[in-house]
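# Need a 3D model of the following:
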Amino acid sequence: MHALALFDLSDRVALVTGGGTGVGLMIARGLAANGAKVYIGGRREDVLAASAVEYKWQGKIIPLPMDVTDKGEILTAKKHIARTDGYLDILVNNAGQVGPCSHWMSDNDSVGNHDPESFGMGLFQEDQGEWEDIFAINAYSPFFVTSAFMGLLAEGATRHGAWTANVINITSMSASIKVSQGHFAYNAAKAANTHLTKMFATELARRKIPVRVNAIAPGVFESEMTRDLLQENGADNVAQGMQPVPMGRAGGVNEMAGTALWMASSAGGYLNGEEILIDGGFTTVNPSRY
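Residues are numbered from 1 along each chain as shown. Below is the predicted model:
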């Protein structure tokens, strides 16, 4: 029961969407460092290539350009992995974005907080197209990517043992926080992803498809979406809760990579249909469903 054996991912093939930066890259590095061949997917080829070169010392990280909101590009990525490897063991649905945000909600003196009519119309000003975009990447894409790669994941389970193949959806602590944090669309889309995780786990188990489906719900971690805010005011400015993050800081690469590594490896082999919160205790001191 040595740690190296528990977390060994040798001969495993992984795909991390949105893997060129932030949380996705943290996870990709952790998987690669423990033996997996890791494809990092994303729309910006230059970013993917730069990350693969920068962290090549940690293991095999391979750029795979793909837009997870485009079904054609999802299938192209699938065909590449099918042709090159023939199977997939780990799928991390990490690609995501924020917006639209109603920052005025946190300002008691803003016009939108004067009366019910002003509050409602303030929210009504949010862009409908931005709502559609955020659901497309944060909720629709995990469904279509997981569906497309299901056959390759099942093949991975055949090669390495039942229930070794797994999907990890990156949701958010915001999916469970009852305070809107000024971004209704993001929180609602991530909540949809949380439930999608549980539905997939249930439907696969019912059909005896030996692929586990779980989720990681991060709190504040440094990424392209949060970097500027973290540098300016720290974790609490990003979290936007009624109470600050108890640990007083953002999460780090080891904490994110370690959680994903545990979930993807034999150490987490009995976990299915669950969402793991890593938020520095934020949901323990703010209204949430946990």
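# Check whether residue 10 really touches residue 32, as I assumed.
No - assessed by C-beta atoms under 8 Å, residue 10 is found out of contact with residue 32, at 11.3 Å. For the C-beta atoms, the positions are set from N, CA and C on the backbone; glycine is no exception.
# Neighbour count: those two, which is higher?
residue 32 (25 against 8; other C-beta atoms under 10 Å).
# What values do phi and psi take at residue 14?
Dihedral angles phi and psi of residue 14 (degrees, to the nearest 10) take the values phi -130, psi 150.
# swap that for residue 210, please
Per degrees, to the nearest 10, the backbone of residue 210 is at phi -80, psi 60.
# cool, the one 4 residues further on as well?
With angles defined as degrees, to the nearest 10, residue 214 shows backbone torsions of phi -140, psi 180.
# what are the bridge partners for it, then?
residue 168 (DSSP bridges).
# Now do the contacts for it.
166-169, 197, 201, 263, 268, 271-276 (C-beta atoms under 8 Å, 6 or more residues apart in numbering).
# Take those residues and, keeping just the buried ones, write it as a PyMOL select command.
Buried members of these can be picked out in PyMOL with the line below, counting by 16 or more other C-beta atoms under 10 Å:
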select buried, resi 166+167+168+169+197+201+263+268+271+272+273+275+276
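# so of the contacts of residue 214, which ones are in helices?
Among the contacts of residue 214, DSSP state H puts 197, 201, 263 in helices.
# residue ranges for the helices of the stretch 1-150 of the chain, please.
Secondary structure of the stretch 1-150 of the chain (DSSP state H, counting those that start in this stretch): helices at 3-6, 22-33, 45-54, 71-84, 116-124, 128-135, 141-148, 150-160.
# Put the alpha carbons of the shortest one into PDB.
Meaning helix 3-6. In PDB, the C-alpha atoms belonging to helix 3-6 read as follows (Å, rounded to 0.1, in the frame of the first residue of the first chain):
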ATOM      1  CA  ALA A   3       1.800   5.900  -1.900                       C
ATOM      2  CA  LEU A   4       3.600   5.500  -5.200                       C
ATOM      3  CA  ALA A   5       1.500   2.500  -6.100                       C
ATOM      4  CA  LEU A   6      -1.800   4.000  -4.800                       C
END
